[in-house]
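Undergrad: the following block contains a protein sequence and its predicted model.
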Amino acid sequence: MSEHYDTANFNNIALLQKDAVDLLKNLIAIPSFSKEEDKTAAHIIQFLTARTIKVEQAKNNVWATNLHFDTAKPSLLLNSHHDTVRPNKGYTLEPFHPIEKEGKIYGLGSNDAGGCLVSLIATFLYFYPQTNLPYNIVLVASAEEEISGHDGIELALPQLPTIDFGIVGEPTKMEMAIAERGLLVLDVVATGIAGHAAREEGVNALYKILPDIDWFKSFEFEKVSPLLGKVKMSVTAIETDNKQHNVVPSNCKMVVDVRVNELYSFEEILETIGQHINAIATPRSVRMRSTSIALDHPLVKAGLLLGKGYYGSVTTSDKALMPFPALKMGPGDSARSHTADEFIFIKEIEEGIVTYIQLLEKMFNHE
């Protein structure tokens, strides 16, 4: 093993920062669309095993634990994803050609969430060989986050050691997203009776659903979150089973997008909707739930001691699939995610690594 990869060097923050930036460039150069992350998974495994770290894998999810893992201790998860969306048509730069220019790294997935991932990997390396840590540290580079796929973090979690809490790396400018909206997508169906329009036969399902559309537009749930605001419901699509101009439709379906704050469970939302509409509402999934982590959680308290602000995030992440408290936090800016010519500042990565390390050390020292 070369001196560069000796665990004695894992406390060399400047070296960790350089390796993180180099790793990000290598990952950008490897296409890793959701469900097609096998090559980036292989590269992450190669990066970690070259540093004599034992790695495990489930499909395209990769994970490792700290050297002195102790089952008697609680475990902290460090997680971010290595899949990307597909590049949009506005790109003027080659999305898979990492370009370093004016202190930035350009490339698909650089900001969402490559910068977060490599920063968390560097943080994991820093603590990896340390003895007497009050917590175990589990690193997971997960797949399919961009599509909330079943073979992403949801597949990995049951195979990990028991996790007590975690950090999810997403671009938040290194501020603390302590709450996150949940997402319910509803298929809402009204049923009528087909008939000839000219003879005023049948029961028009489209007309039957109109009062329900108005209800979704005007109803407001009582509990308003100081972090995430109101529950928001939007009718986003509507169609009938009939394409003929002279036939009254017997079936009308609409899609409703519901963004749920952390003060309501999905079951409460669905019960209220069912009490107020005549059509039948069926959720496509109840997986992407709203989440929050308490302000007095040791991880959040450590962030507050560092002077970090906190907020509620309107976007969802793998945090929604975690049955334990998790803090969403990472270098980069969410506003750059999924944009053409995506980039992240090198300084954001360097400062992100330092801040992650400081955050954990602050928490460890207050145990």
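TA: Okay, I see it. Numbering: from 1, shown residues only.
Undergrad: from now on I want contacts and neighbour counts done on CA atoms only, so please keep to that.
TA: OK.
Undergrad: paired strands for the lowest-mean-pLDDT helix or strand in the chain, with orientation please.
TA: When the helices and strands of the chain are scored by mean pLDDT, DSSP states H and E, strand 195-196 comes last with a mean of 87. Here strand 195-196 is paired, per DSSP bridges, with strand 247-248 (antiparallel).
Undergrad: tell me the strands beside the helix or strand following the strand it pairs with, with direction?
TA: Remark: after strand 247-248, the chain's next helix or strand is strand 251-260, criterion DSSP states H and E. If you go by DSSP bridges, strand 251-260 pairs up with strand 182-191 (antiparallel), strand 232-240 (antiparallel).
Undergrad: highest average neighbour count across the ones you listed?
TA: Comparing the strands paired with strand 251-260 by mean neighbour count (mean count of other C-alpha atoms under 10 Å), strand 182-191 ranks first with a mean of 22.
Undergrad: let me know the average pLDDT across that one.
TA: Here strand 182-191 scores 96 as its mean pLDDT.
Undergrad: distance between it and the chain's centre?
TA: In terms of C-alpha atoms, centre = their mean, to the nearest Å, the centre of strand 182-191 is found 22 Å from the chain centre.
Undergrad: can you list contacts of that strand?
TA: Applying C-alpha atoms under 8 Å, 6 or more residues apart in numbering, the external contacts of strand 182-191 come out as 205-206, 208-209, 250-262, 266, 278-286, 288-291, 316, 320.
Undergrad: can you turn the buried part of those into a PyMOL selection?
TA: This is the PyMOL syntax for the buried subset of the contacts of strand 182-191, where burial follows 16 or more other C-alpha atoms under 10 Å:
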select buried, resi 205+206+208+209+250+251+252+253+254+255+256+257+258+259+260+261+262+266+278+279+281+288+289+290+291+316+320
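Undergrad: pull up the gap between Leu48 and Leu120, please.
TA: Applying C-alpha to C-alpha, to the nearest Å, the value for Leu48 to Leu120 is 13 Å.
Undergrad: so which residues of the stretch 1-150 of the chain form helices?
TA: In the stretch 1-150 of the chain, the segments counted as helices under DSSP state H, counting those that start in this stretch are 13-28, 38-49, 115-127.
Undergrad: most tightly packed of these?
TA: A comparison of the helices of the stretch 1-150 of the chain by mean neighbour count, using mean count of other C-alpha under 10 Å, puts helix 115-127 on top with a mean of 27.
Undergrad: returning to that earlier point: output the helices of the stretch 1-150 of the chain as CSV; include the columns mean pLDDT.
TA: Shown next, in CSV, are the helices of the stretch 1-150 of the chain (pLDDT from 0 to 100):
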stretch, mean pLDDT
helix 13-28, 97
helix 38-49, 98
helix 115-127, 98
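Undergrad: out of those helices, nearest to Thr84?
TA: Of all the helices of the stretch 1-150 of the chain, helix 13-28 sits nearest to Thr84, with 9.6 Å by C-alpha to C-alpha.
Undergrad: give the other helices and strands that that closest one contacts.
TA: Helix 13-28 is packed against helix 115-127, helix 346-365, with contacts defined by 3 or more C-alpha pairs under 8 Å, 6 or more residues apart in numbering; DSSP states H and E.
Undergrad: what about those, which gets the closest to Val62?
TA: Nearest of the helices and strands packed on helix 13-28 to Val62, taken as C-alpha to C-alpha: helix 115-127 at 11.5 Å.
Undergrad: now Glu154. Nearest residue, chain neighbours left out?
TA: Closest residue to Glu154 apart from its sequence neighbours, by C-alpha to C-alpha, 6 or more residues apart in numbering: Leu321 at 6.5 Å.
Undergrad: now for the one you found: which residues touch it?
TA: Neighbours of Leu321 in contact, by C-alpha under 8 Å, 6+ apart: 153-154, 287-289.
Undergrad: wait, Asn11 sits on Phe124?
TA: No: if you go by C-alpha atoms under 8 Å, Asn11 and Phe124 don't touch, sitting 10.6 Å apart.
Undergrad: which residues in the stretch 51-200 of the chain form strands?
TA: Under the criterion DSSP state E, counting those that start in this stretch, the stretch 51-200 of the chain contains strands at 56-58, 61-65, 75-81, 99-101, 104-106, 136-142, 165-168, 176-180, 182-191, 195-196.
Undergrad: ok, now which ones touch His347?
TA: Quick fix: residue 347 is Lys, not His. By C-alpha under 8 Å, 6+ apart, the contact set of Lys347 is Gly103.
Undergrad: distance of it relative to Phe124?
TA: In terms of C-alpha to C-alpha, Lys347 sits 19 Å off from Phe124.
Undergrad: any regions of this protein where pLDDT drops low?
TA: Confidence mapping of the chain against pLDDT under 70 gives the ranges 1-5, 367.
Undergrad: would you mind splitting it into its domains for me?
TA: Residue ranges for the domains of the chain, per automatic domain parsing: 3-180+290-365, 182-283.
Undergrad: a markdown table for the helices of the stretch 1-150 of the chain, including distance to Leu108?
TA: As requested, the helices of the stretch 1-150 of the chain are exported to a markdown table (distance: least, C-alpha to C-alpha, whole Å):
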| stretch | distance to Leu108 |
| --- | --- |
| helix 13-28 | 6 |
| helix 38-49 | 13 |
| helix 115-127 | 11 |
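Undergrad: out of those helices, nearest to Lys230?
TA: Lys230 lies closest to helix 115-127 among these, at 29.1 Å (C-alpha to C-alpha).
Undergrad: what packs against the closest one?
TA: If you count contacts as 3+ C-alpha pairs under 8 Å, 6+ apart, helix 115-127 packs onto helix 13-28, strand 75-81, strand 136-142, helix 346-365.
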